[in-house]
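Visitor: sequence isn't available, so here's the structure alone:
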């Protein structure tokens, strides 16, 4: 999803990249010079491996840093909506299904509990009144909003408070994270509020996000650059192997 996080205490809107039609190549992300690549064993796997790549001067992907373990959705993964062309095989991500979206996605803004963070990504401090709207019928679906701006009634029913520490007994999972821009047009029921964030415990699955150790997140914070137009890729290994050449993946 695409989230454009506005200034603190303002309405935080997720908007941006639109879905592209079917293509056989990587046209939609040809300008990307950084890639976060997550591969899993299969569609039902709840854990995977995260690797980071940057393009060299010749345009080839070169791995940077060390691989790290991550966890994904409690039900595995399923095709999402982002930059990559639609696929006809495999499960499809739906709201509430516990699957992490598979495909290629733009990386959006960073968020967290602190006022500032050590990242070049645009960053917004979340407030007690910050919510991500996972209510399908809401006109704010798939957006991060501030109830202080849109009103308490507008966020009623959401299960995604962005300050988990204040709403869930000190939960630190959203202390540091960034937006994975899935379902940028907020297609109803296609899935919402997809992030990279800290894990609750090593290997603990998520509701559809990609979770990792704090050290891994901090490395990504220091490495990602908006001017490099970074993308986030999540694929089961067999799908990665099938699409590697057509999508120009490392």
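Guide: Sure thing, it's come through. All figures in this text were calculated on a predicted structure; none of them were measured in a lab.
Visitor: quick one: mean pLDDT over stretch 77-96.
Guide: Stretch 77-96 shows a mean pLDDT of 96.
Visitor: I should have written stretch 164-180 there, sorry.
Guide: For stretch 164-180, the mean per-residue pLDDT is 97.
Visitor: quick one: buried residues of it?
Guide: Counting neighbours by 16 or more other CB atoms under 10 Å, one finds that the buried residues in stretch 164-180 are 164-166, 173-180. In this view, the C-beta of every residue, glycine as well, is placed from N, C-alpha and C.
Visitor: so residue 81 makes contact with residue 183?
Guide: Yes - in this structure, residue 81 is within contact of residue 183 by CB atoms under 8 Å, at 4.7 Å.
Visitor: which residues do the two both contact?
Guide: 101, 190-191 (CB atoms under 8 Å, 6 or more residues apart in numbering).
Visitor: would you turn those into JSON lines with pLDDT, neighbour count and secondary structure?
Guide: Below are these laid out as JSON lines (pLDDT from 0 to 100; neighbours: other CB atoms under 10 Å; DSSP: H, G, I helix; E, B strand; the rest coil):
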{"residue": "101", "pLDDT": "98", "neighbour count": "28", "secondary structure": "strand"}
{"residue": "190", "pLDDT": "98", "neighbour count": "21", "secondary structure": "coil"}
{"residue": "191", "pLDDT": "98", "neighbour count": "26", "secondary structure": "coil"}
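Visitor: of those residues, closest to residue 205?
Guide: Of all these, residue 101 has the smallest distance to residue 205: 14.6 Å, by CB to CB.
Visitor: and the closest one, what does it touch?
Guide: 77-82, 93, 180, 182-183, 191, 194, 208, 234.
Visitor: from those residues, which is closest to residue 151?
Guide: Using CB to CB, residue 183 comes nearest to residue 151 of those, at 24.0 Å.
Visitor: which SS class is the residue of the chain positioned farthest from its centre?
Guide: Most distant from the centre of the chain: residue 58, at 28.2 Å, with distances by CA atoms, centre = their mean. Under the three-state scheme (DSSP: H, G, I helix; E, B strand; the rest coil), residue 58 adopts coil.
Visitor: how near is it to residue 33?
Guide: According to CB to CB, to the nearest Å, residue 58 stands 12 Å off from residue 33.
Visitor: next: residue 42.
Guide: Per CB to CB, residue 42 is found 30 Å from residue 33.
Visitor: who has more neighbours, these two?
Guide: Comparing residue 42 with residue 33 by other CB atoms under 10 Å, the one with more neighbours is residue 33, at 16 against 12.
Visitor: contacts only, for the more buried one.
Guide: Contacts for residue 33 (CB under 8 Å, 6+ apart) come out as 54-55, 228-230.
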